[in-house]
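In: the following comprises the amino acid sequence and a computationally predicted model.
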Amino acid sequence: MQSTADSVGEACRSIPKLARRGLSTIVRPALDYYKFKTVALPALSVPTDRGGPLVVAGLFSTASGVGEGARSTWRALNDAGLSPIAVDLSERFAQVDYRSDIPLSSMPEDADGTLILQVNARETLAALRRLGMRRGRNWYTVGYWAWELPTFPPGWEDAFPLVSEIWTVSNFAASAFRKGPSPPPVAVFGHAVSPPPKILADRAQFGLPEDAFVFLAFADSKSSIERKNPVAAIESHKRAFGDDPSSILLVKTRNLDRSPKARARLEAAVAGAMNVRLLDVSLSEKARWELLNAVDAVVSLHRAEGFGLVIAEAMALGKPAIATAWSGNMDFCTEESIWLVDSHLVETEDPYGVYSTYASQWAEVDLDHAAECFQTVRSDADKRTEKAAIARDTIAHLGSSKNLGESMRKHLFSDVRAA
């Protein structure tokens, strides 16, 4: 049965476009107000009933960092013995391009419970409505948000009244949220990073030669090619190795079909470099781990990261990593564990529009220093081994799914839900 808000929205869409534009300035604020007034407000404390459901709602069927975050949270809580319920919001908010092995369910209809809502602030109202969280339901609601800039994102405060507290993935992101106008409590829980027990290292499936030293960089046009900054990785690799075919940079991307401008820029950056390759595809979790395991080193010359999941995954595998020495990854990256690249801060300018409306700063890496790091990673096998061991131990502790789940359980429930 259609809600009143949905019926009004459908009626508005039947009006000719030009008339609709004028009418929207009057109707949309009223419609948004109606939606806000009918959605459930968050409980002030977690339910004390041991039988109350614990739900993780997020993009379980999306091969993105936000999707991986939801899967990580579910696994961590499950490893802590809490039996969380996974509710997928991918069809509502993102591209369905991933098949998760996590069992998915519909949203429970209980009057109260605990909800960890792993979508960002701007999607919170729509997500609560999709989950059927109407007035009268009394759930403790965690907004689990990620953010990549040091300044608070204007407009996100609109979701503050809808969540009991905010969780985020790094101290860097938490600092930005705490700058908001009267924010709810903010807690930091990073991602669980646990490699599968057996991972192939088959280069052939990715068309990579066995006799080359292969660096790997990741980017996604929906997360802003400018922020992920693969062009800097390409330029640094060129400075370090020229056209040397024994050193290859593979730039693994997603969603370039959605951004012809980003595709054109990357293709222009690669043009003429026979030892730089693009691979634009969505990979399963298994294939992504296999790709990470097939290469010799991972590179992230990002302008900003909320967490830095790929860096952490490389470290978990004992792969050498090169990364910008700034933003969320600095919670787990040190000079002892990876190669950190110098940078300076510049005004945020995003030609792809993802971050163009935010007045902030992000990092501009030193390309010459990055090139030196490329060269050292390839040439110094002893240093690679030394740093890899420290990196693996770091992530084994900080990224432990069970440890993370236990921290979440204690934060939320103390001993309420203990077995």
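Out: Happy to help now that I have it.

In: now do the buried residues in the helix or strand where residue 115 lies.
Out: In this structure, residue 115 is located in strand 112-118 according to DSSP states H and E. The neighbour-count check on strand 112-118 (16 or more other CB atoms under 10 Å) flags 112-118 as buried. The way it works is simple: take the backbone N, C-alpha and C, and place the C-beta from them, glycine included.

In: off-centre distance for the very next helix or strand once past it?
Out: Downstream of strand 112-118, the next assigned helix or strand under DSSP H and E is helix 124-130. Relative to its chain's centre, helix 124-130 lies at 20 Å (CA atoms, centre = their mean, to the nearest Å).

In: numbering from 104 from now on, please.
Out: Taking 104 as the first residue, the last one we looked at is helix 227-233.

In: on that earlier part again, ok, so of the buried residues of strand 215-221, who is nearest residue 478?
Out: residue 221 (39.5 Å; CB to CB).

In: circling back to that earlier point, quick one: the buried residues of strand 215-221 as TSV, columns for distance to residue 337 and pLDDT too.
Out: Shown next, in TSV, are the buried residues of strand 215-221 (distance: CB to CB, whole Å; pLDDT from 0 to 100):
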residue	distance to residue 337	pLDDT
215	52	92
216	48	94
217	45	96
218	42	97
219	38	98
220	37	98
221	32	97
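
In: what's the closest of those residues to residue 380?
Out: Distances from residue 380 to the buried residues of strand 215-221, taken by CB to CB, are shortest for residue 221, at 32.8 Å.

In: separation between the closest residue to the closest one other than its chain neighbours and residue 280?
Out: Excluding the flanking residues, the one nearest residue 221 by CB to CB, 6 or more residues apart in numbering is residue 161, at 3.4 Å. Applying CB to CB, to the nearest Å, one obtains 18 Å for the distance of residue 161 from residue 280.

In: what does residue 145 give?
Out: 16 Å.

In: one more: residue 425?
Out: 29 Å.

In: for the one helix or strand residue 177 maps to, the averaged confidence score.
Out: Assessed by DSSP H and E, residue 177 sits inside helix 168-182. For helix 168-182, mean pLDDT is 93.

In: so where do the strands sit in the stretch 404-522 of the chain?
Out: All strands of the stretch 404-522 of the chain, identified by DSSP state E, counting those that start in this stretch, fall at 424-427, 442-444, 446-450, 464-468.

In: where are the low-confidence patches of the stretch 104-253 of the chain?
Out: For the stretch 104-253 of the chain, the stretches flagged by pLDDT under 70 are 104-139, 151-154.
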